[in-house]
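**Student:** structure of the sequence below:
(one chain, ligands or ions: 1)
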Amino acid sequence: MVEIIQGNVVKKFHCEKKQSVLEFLRESGYMVSAVCSGNQTCGKCKVQILEESPMPNDREHQFFSSREIEEGHRLSCAHQIRSGMRIKLEENQTYQSLTNFELPNSFELDKKNSKGYGVAIDLGTTTVVIGLVSRRTKEIAQVISFLNPQSSFGSDVISRIEASKQYGVEVLRELILDEIRKGIEALCELEKIRVFEITDFVISGNTTMLYLLQGYDPRELAVAPFRVSHSEYAEYDASTFFSKKWRGTVRIFPCISAYVGGDIVSGLYAFGEELEESQPACLLDLGTNGEIVLMNQNEMICAATAAGPAFEGAGIQSGIGGISGAIDKVRFDGKEVVYSTIDQADPIGICGSGIIDVVAEGIRIERIDKTGRMAKGDLCLCEEPKQIVFTQKDIREVQLAKAAIAAGIKVLAAHAEITVDQIESLFIAGGFGQYLNLQHAGTIGLIPKELIGRSRTIGNASFAGAVKALFDLNYEENLEEIREKCAYIELSSEKTFNGIYIQEMGF
Ligand code: FES
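**Tutor:** I've put the predicted structure just below:
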């Protein structure tokens, strides 16, 4: 028998199979983040084994202090489950209420349907955002966000596709559907309404997330020629999609390619007019991948960079998403590290904007050189209540990510036969948009220096588009038009991409 303790809840389980603690927890219905999918390299799958704690391995000595090792903290992917173990997990994730988000300037109210509520969902690989919107007042009544529960299978879309092969698409589908249902019910409770008052559900997300949500096998998305058999706009009855008692229609955004998904279509749908007014204009979405759209003379080209999720905190030793307690701003004042956290909560890790600050500040005080080499070992941001460090490996992750994005922008500009300097405006979307220090993003080379003064952060553009669709009578035509207008460029087949990518690696 294995005992699992989470908050005040203690449950007992039989363990019969030979499997890792991580796999056991997953199968028992617990969510443990596993960015590296169990390769013992990310350090995210931490648990505390109170009894029958196994001997720590060398890797674990890198991820835990000796006190933590003593207290039984271990990587759940590094040990086999065995009877007699008592495992303590972090408290269940709570929903984050969001209050700060940007919406497009205007949208037409559908007068015929101006009663009840709609729900807008941005289904991200890392974070899911759900908003409850009053159709009568056109106001966003409540918004919450939470970690995508599929994160326990890995942080990027490839690891989710792998997991769907191993465990079946249905397992991943049920995980996310269940969490979305619970999220919507939580919103109804917050707003004191009943779920059948919701008549419209709009969902945007990247191609893999939308495949998994609809129960499609995503294998084709991971192998050349990266076919997308299910890229069209889709509609379902909420009663069959979510739950028998629910009413209304579920609408799923169309996608452009395997790696430019409904989230980008949604961002363009939300901010397309503004892009059009300031052409040549670029939309950069810094999510788990970096997608870029360049609009010039009313033509749109787009590309996806394999930037990875470093700016969402994944792959960074003390990295976390933009949640309460995440260090979001950092400044080095002499020898002192000055930082702030989201909600002024105790620091629990560092999120994307903080990561960019650390690197930019490290360059400023010459702790990090032009090649990305760090002098004097790891940077300690705080010791208590939790040690938060920034390592040499973290800098390498940032270099890979920022070089992919910067090179992507340059290649698209060349394709459109313009120089980067001719780009009139750069719209930066992403969950951490509102905290991003643009000057620092320029210092580290994430965005071209010449565009710092012409850049604007627009927050979660995919979510904004989903909200807009709740009020648009012609959403289907409008979305289809965007999808057809936007030509996809495969960066890996662009001859110049690799050279520029390598050049952009330094600071
Ligand atoms: S270290 Fe265990 S999942 Fe990454």
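**Student:** could you check how many residues crowd around the closest residue to the ligand within the stretch 401-507 of the chain?
**Tutor:** Closest contact between the stretch 401-507 of the chain and the ligand, by C-beta to the nearest ligand atom, is at residue 401 (18.2 Å). Where C-beta positions appear, they are placed from N, C-alpha and C, glycine not excepted. By the criterion of other C-beta atoms under 10 Å, residue 401 has 27 neighbours.
**Student:** just residue 457 next, same as before
**Tutor:** 21.
**Student:** where along the stretch 101-250 of the chain do the strands fall?
**Tutor:** Using DSSP state E, counting those that start in this stretch, the strands of the stretch 101-250 of the chain run over residues 117-123, 127-134, 140-147, 198-205, 234-237, 249-252.
**Student:** in CSV: the ones you listed, plus distance to residue 212, mean neighbour count and mean pLDDT.
**Tutor:** Output for the strands of the stretch 101-250 of the chain, formatted as CSV (distance: least, C-beta to C-beta, whole Å; neighbours: other C-beta atoms under 10 Å; pLDDT from 0 to 100):
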stretch, distance to residue 212, mean neighbour count, mean pLDDT
strand 117-123, 9, 27, 95
strand 127-134, 12, 23, 91
strand 140-147, 16, 20, 87
strand 198-205, 9, 26, 95
strand 234-237, 14, 13, 96
strand 249-252, 12, 20, 96
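**Student:** out of the ones you listed, which comes closest to residue 65?
**Tutor:** Closest approach to residue 65 among those is made by strand 140-147 (24.9 Å; C-beta to C-beta).
**Student:** elements contacting that closest one?
**Tutor:** Other elements packing on strand 140-147 under the criterion 3 or more C-beta pairs under 8 Å, 6 or more residues apart in numbering; DSSP states H and E are strand 96-97, strand 127-134, helix 169-191.
**Student:** quickly run through the sheet partners of that strand, with directions.
**Tutor:** strand 96-97 (antiparallel), strand 127-134 (antiparallel) (DSSP bridges).
**Student:** helix, strand or coil for the one residue in the stretch 51-200 of the chain that gets nearest to the ligand?
**Tutor:** Residue nearest to the ligand within the stretch 51-200 of the chain: residue 77 (3.3 Å; C-beta to the nearest ligand atom). Of the three states, residue 77 takes coil under DSSP: H, G, I helix; E, B strand; the rest coil.
**Student:** ok, it - contacts?
**Tutor:** By C-beta atoms under 8 Å, 6 or more residues apart in numbering, the residues touching residue 77 are 20-22, 34, 36, 38-40, 45.
**Student:** and residue 437, how far from residue 283?
**Tutor:** Distance from residue 437 to residue 283, counting by C-beta to C-beta, to the nearest Å: 20 Å.
**Student:** compare the two and say which is more crowded by neighbours.
**Tutor:** Set residue 437 next to residue 283 and count neighbours by other C-beta under 10 Å: residue 283 wins out with 26 against 19.
**Student:** surely residue 242 touches residue 179?
**Tutor:** No. Residue 242 is beyond contact range of residue 179, at 11.8 Å (criterion: C-beta atoms under 8 Å).
**Student:** neighbour-wise, which of the two wins?
**Tutor:** Using other C-beta under 10 Å, the more surrounded residue of residue 242 and residue 179 is residue 242, with 22 against 19.
**Student:** kindly provide the distance from that one to residue 185.
**Tutor:** From residue 242 across to residue 185, the span is 10 Å (C-beta to C-beta).
**Student:** same check on residue 407?
**Tutor:** From residue 407 to residue 185 the distance is 44 Å (C-beta to C-beta).
**Student:** a markdown table for the strands of the stretch 101-250 of the chain, including distance to residue 300?
**Tutor:** Formatted as a markdown table, those follow (distance: least, C-beta to C-beta, whole Å):
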| stretch | distance to residue 300 |
| --- | --- |
| strand 117-123 | 21 |
| strand 127-134 | 25 |
| strand 140-147 | 28 |
| strand 198-205 | 17 |
| strand 234-237 | 23 |
| strand 249-252 | 21 |
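**Student:** between the ones you listed, which gets nearest to residue 273?
**Tutor:** Taking the strands of the stretch 101-250 of the chain one by one with C-beta to C-beta, strand 198-205 is closest: 17.7 Å.
**Student:** show me what that closest one is packed against.
**Tutor:** Using 3+ C-beta pairs under 8 Å, 6+ apart, strand 198-205 sits against strand 117-123, helix 207-214, helix 238-241, strand 249-252, helix 262-277, helix 461-469.
**Student:** go with 7 Å
**Tutor:** strand 117-123, strand 249-252, helix 262-277, helix 461-469 (3 or more C-beta pairs under 7 Å, 6 or more residues apart in numbering; DSSP states H and E).
**Student:** nearest spatial neighbour of residue 123, chain-adjacent residues omitted?
**Tutor:** In this structure, residue 123 finds its nearest non-sequential neighbour in residue 205, 3.3 Å apart by C-beta to C-beta, 6 or more residues apart in numbering.
**Student:** burial of the closest residue to residue 81 other than its chain neighbours, as a residue count?
**Tutor:** Spatially, and ignoring its direct neighbours in sequence, residue 81 is nearest to residue 24 (4.1 Å; C-beta to C-beta, 6+ apart). Using other C-beta under 10 Å, residue 24 has 21 other residues around it.
**Student:** output the helices and strands packed on strand 198-205 as a markdown table; include the columns distance to the ligand.
**Tutor:** Below are these laid out as a markdown table (distance: least, C-beta to the nearest ligand atom, whole Å):
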| stretch | distance to the ligand |
| --- | --- |
| strand 117-123 | 22 |
| strand 249-252 | 30 |
| helix 262-277 | 25 |
| helix 461-469 | 27 |
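**Student:** closest one to residue 480 among the ones you listed?
**Tutor:** Nearest to residue 480, of the helices and strands packed on strand 198-205 and by C-beta to C-beta, is helix 262-277 at 9.4 Å.
**Student:** care to break this protein down by domain?
**Tutor:** Domains of the chain are assigned by automatic domain parsing as 2-89, 96-252.
**Student:** quick one: which of the ones you listed is nearest residue 265?
**Tutor:** domain 96-252 (7.2 Å).
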